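Peer 1: Sequence and predicted structure, then a few things I'm wondering about:
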Amino acid sequence: MATHDIFMPALSSTMTEGKIVEWLKKPGDKVERGESVLVVESDKADMDVESFQDGFLASIVMPAGSSAPVGETIGLIVETVDEIAAVQANAPSPSPQSASQEKESSSSQVQEKQVSVDSPKATVIAKASPAPLVSESSVNQAQFLNDGRIVASPRAKKLASQMGVDLATVRGSGPHGRIQAEDVQSAKGQPISVPWIAESNAPAKIASDVPRIEKKSVDSGNPPAPGKSFGSRGETIPFNTLQHAVNRNMEESLNTPCFRVGYSILTDELDLFYKQVKPNGVTMTALLAKAVGLSLARHPQVNAAFSSEGIAYPSQINVAVAVAMEDGGLITPVLQNADKTSLSDLSLQWADLVKRARNKQLEPQEYSSGTFTLSNLGMFGVDRFDAILPPGTGAILAVGASLPKVVASKDGSISIKKQMQVNLTADHRVIYGADGALFLKDLTYLIENNPYSLSS
Amino acid sequence: MPFETALGWQKNFQKSLIEEPFSPQAVWFLEHFSCFTIGTGSDKKNLLFEENKSPIPVFCIKRGGEVTHHMPGQIVGYLVLNLCLHKKDLSWYLRELEQVLIDVLKLLGIEGKRVDGFTGVWCEDKKVGSIGIGCKRWVTQHGFSLNVECDLVGFEKIIPCGLDKVKIGKISDWIPGIKVCDVKPLLRESVKRRFKLNWENI
């Protein structure tokens, strides 16, 4: 059953919550893609919110007149008539009470929820083993009782009613014990679907979630997922084809005279912009790829590569993004013409590439036509690293986590801002220190001051 | 200019901008016959009369904000802009509209200002400019109204913008004898500058 959430959109960079003025559709009504479903008001401005798919409005989660934080689920759309009844039977009916419960969770908490649960952001791989979570939580299930006040995300409420889980018996792992969707899943003993390709640029949140879990119960806190290994102790496992290919490339890189140059980028503006475009399905990978693509367009030298005849300037700007494979090895699906492709197209293409990469269905030119590579380990909380240059290209950018830092500005004032460290590895035969530095300076300017231009 | 006519124009331009993002954006500066308009989310309590017994027409329209009043002597500015070409930020847009009015007032030698937490433009303690917009797929409609030399008595029948005790003013309080035709060209230039538009008469 496919249920699509309608989220409270961000109508401006400063908006934290919006008021639902009017639902233009009733539960059960057919909606077409692009059709207005409701009207949201912020300040003196009304905005029509449209459906992003054909289907039926199954449920109104937040009724007209109520307010919801940006990014919160406010309604549900299903694809077929048959699914309406199922969702309606399960979904909590909109009531002033549910509205007020939602209001309690401040928007910052909601943000955290999104970041830690389902925020798609910049790319690489996290493979977490769900097994320990399930068994421990099942042990807790019967023992844990809330103190009567249930604060849960709408998605958690929906899941709970669908799965027949009593929220009063679920321990919330969210901010201030707010019950998240995974808490419901683990209470039911279902494996938590940790996205295999973890996309997040807010890894610090993931790390800090761990200690926040109350330790007084039997559960001693969920340890970070164990590192993966392809073999057991004492064994030697032959390399698979992909690993062989990576090995060859890595060895070849030793013949390239590389240098590194780094930059710290403030990401508060980018994060705000991301919050606004996220409801449209835009991912952080797309944002970073587009930012890099636009900067490369202004710095063609950094998009160039060494060849025996001289400096080769590719006709396109193709941003490859490194993705670790579950069974070992690494692949770099390519976002073609990243400078000229819209954010939503980049997001769609990326989702498709990753899906097919998993199924090993990529055509060679879909992973070997990159002219520049992005590698992101931010979701693991890595603050900085350097990457190895893939042969045939001139540069690769290693992207670390976006973390809160005490930042001194030029006028001497001090504030806390989110900062992300990036580190460019480049082939010095083609790209010189100043080229790399100017490229990073431009990229930084774009991300810090003008993320809105990414949508043009 | 009857209110319904202007509404129809805006709708047509909004529709074509939604379908074709680079089709022309449109701006109108008009005066309306006396009427009240209320937004979708407006509180009817702010109408100090029964809706169906109104002495003048009442229109329910798709914009933010509470009830307001239009009448001859007040310039209404309607902007159908594709914010995708400007900035996809409604707060930014509201502040830019305020700045358009503030810039015009400055040219007239009057200090216009914002009041923190509210949308609109005030001179001293009187509100002279009101703003309310609607937006679909980042294409705007409606805009602002600026009181130039109008009869403000109609405002007594409503709680304008839902702000209790708000005082409404007009430019002729500061510049006696000023006419709508003196202000329109300034507004035209101000809007053009602020949103970097090139006029093409239609």
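Peer 2: Everything's here; your move.
Peer 1: which helices and strands does the strand ranked longest in chain B pack with?
Peer 2: Looking across chain B with DSSP state E, the single longest strand is strand B:126-136. Where contact means 3 or more C-beta pairs under 8 Å, 6 or more residues apart in numbering or on different chains; DSSP states H and E, strand B:126-136 is packed against strand A:45-50, helix B:90-107, strand B:121-123, strand B:139-147, strand B:167-168. Where C-beta positions appear, they are placed from N, C-alpha and C, glycine not excepted.
Peer 1: Partner strands of it, with direction?
Peer 2: Note on strand B:126-136: by DSSP bridges, its sheet partners are strand A:45-50 (parallel), strand B:121-123 (antiparallel), strand B:139-147 (antiparallel), strand B:167-168 (parallel).
Peer 1: I'd like the average pLDDT over it.
Peer 2: The average pLDDT within strand B:126-136 is 91.
Peer 1: Same check on stretch A:58-65?
Peer 2: Averaging pLDDT along stretch A:58-65 gives 85.
Peer 1: next one: stretch A:361-372
Peer 2: Average pLDDT, stretch A:361-372: 87.
Peer 1: So what touches that stretch?
Peer 2: A:292, A:296, A:302-303, A:305, A:314, A:316-320, A:331-334, A:336, A:353, A:356-357, A:390, A:392-397 (C-beta atoms under 8 Å, 6 or more residues apart in numbering or on different chains).
Peer 1: From these, which land in helices?
Peer 2: Judged by DSSP state H, helices contain the following of these: A:292, A:296, A:353, A:356, A:357.
Peer 1: re the thing from before, for the strands paired with strand B:126-136, could you give me TSV that also reports mean neighbour count, distance to residue A:160 and mean pLDDT?
Peer 2: Below are the strands paired with strand B:126-136 laid out as TSV (neighbours: other C-beta atoms under 10 Å in any protein chain shown; distance: least, C-beta to C-beta, whole Å; pLDDT from 0 to 100):
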stretch	mean neighbour count	distance to residue A:160	mean pLDDT
strand A:45-50	24	26	85
strand B:121-123	22	49	92
strand B:139-147	26	39	91
strand B:167-168	16	52	88
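Peer 1: between the ones you listed, which gets nearest to residue B:156?
Peer 2: Proximity to residue B:156, assessed across these by C-beta to C-beta, is greatest for strand B:167-168 (9.1 Å).
Peer 1: Toward the C-terminus, what is the element adjacent to that closest one?
Peer 2: Per DSSP states H and E, the first helix or strand lying C-terminal to strand B:167-168 is helix B:180-194.
Peer 1: In that following helix, which residues are buried?
Peer 2: B:180, B:183, B:184, B:186, B:187, B:188, B:190, B:191 (16 or more other C-beta atoms under 10 Å in any protein chain shown).
Peer 1: Could you tell me which ones among those residues also sit near chain A?
Peer 2: Contacts with chain A within the buried residues of helix B:180-194, counted by C-beta under 8 Å from any C-beta of the partner chain: none were found.
Peer 1: follow-up on the earlier one: just the buried ones from the ones in helices among the contacts of stretch A:361-372, in ChimeraX syntax?
Peer 2: A single ChimeraX command selects the buried members of those (16+ other C-beta under 10 Å):
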select /A:292,296,353,357
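Peer 1: list the contacts for the most centrally placed residue in chain B?
Peer 2: Most central in chain B under C-alpha atoms, centre = their mean is residue B:144, positioned 1.5 Å from the mean C-alpha point. For residue B:144, the contact set (C-beta under 8 Å, 6+ apart) comprises B:76, B:77, B:97, B:100, B:101, B:129, B:130, B:131, B:132.
Peer 1: and which of those residues is nearest to residue B:172?
Peer 2: Residue B:172 has its nearest neighbour among those in residue B:129, at 14.1 Å by C-beta to C-beta.
Peer 1: Residue B:122 contacts residue B:112, correct?
Peer 2: Yes: contact criterion C-beta atoms under 8 Å: residue B:122 and residue B:112 qualify, at 7.0 Å.
Peer 1: Identify the contacts common to those two.
Peer 2: Contact criterion C-beta under 8 Å, 6+ apart; residues shared by residue B:122 and residue B:112: residue B:128.
Peer 1: Below-threshold pLDDT in the chain: ranges please.
Peer 2: Unless you meant another one, I'm taking chain A. In the predicted model of chain A, residues A:1, A:88-151, A:154-155, A:158-159, A:161-165, A:168-178, A:180-182, A:184-225, A:456 satisfy pLDDT under 70.
Peer 1: my bad, chain B
Peer 2: By pLDDT under 70, the low-scoring segments of chain B are B:199-202.
Peer 1: Would you mind listing what in it touches chain A?
Peer 2: With C-beta under 8 Å from any C-beta as the criterion, chain B meets chain A at residues B:39-41, B:62-65, B:84-85, B:87-94, B:119-120, B:131-137.
Peer 1: Buried ones among the residues you listed?
Peer 2: B:39-41, B:62-65, B:85, B:87-94, B:119-120, B:131-137.
Peer 1: so what's residue B:159 up against?
Peer 2: Contact analysis of residue B:159 by C-beta under 8 Å, 6+ apart lists B:45, B:46, B:48, B:66, B:67, B:166.
Peer 1: just to revisit the earlier point, among the contacts of stretch A:361-372, which are located in strands?
Peer 2: Among the contacts of stretch A:361-372, the residues falling in strands (DSSP E) are A:305, A:319, A:320, A:331, A:334, A:395, A:396, A:397.
Peer 1: Which member of these is positioned nearest chain B?
Peer 2: Nearest to chain B among the ones in strands among the contacts of stretch A:361-372, counting by C-beta to the nearest C-beta, is residue A:319 at 23.2 Å.
Peer 1: Give the full set of residues in contact with that closest one.
Peer 2: A:289, A:292, A:293, A:296, A:334, A:335, A:338, A:370, A:371, A:372, A:373, A:374.
Peer 1: can you rerun that using 10 Å?
Peer 2: Shown in contact with residue A:319 (C-beta atoms under 10 Å, 6 or more residues apart in numbering or on different chains): A:285-286, A:288-293, A:296, A:303, A:332-339, A:341, A:346, A:370-374, A:397.
Peer 1: now swap in residue B:7 and tell me
Peer 2: B:37, B:59, B:61, B:62, B:78, B:141, B:142.
Peer 1: for the residues you listed, which one is nearest chain A?
Peer 2: residue B:62 (5.8 Å).
Peer 1: how near is the nearest residue to that closest one once chain neighbours are set aside to residue B:78?
Peer 2: Counting by C-beta to C-beta, 6 or more residues apart in numbering or on different chains, residue B:62 lies nearest to residue B:134, which is 4.1 Å off, once chain neighbours are set aside. Distance of residue B:134 to residue B:78, given as C-beta to C-beta, to the nearest Å: 11 Å.
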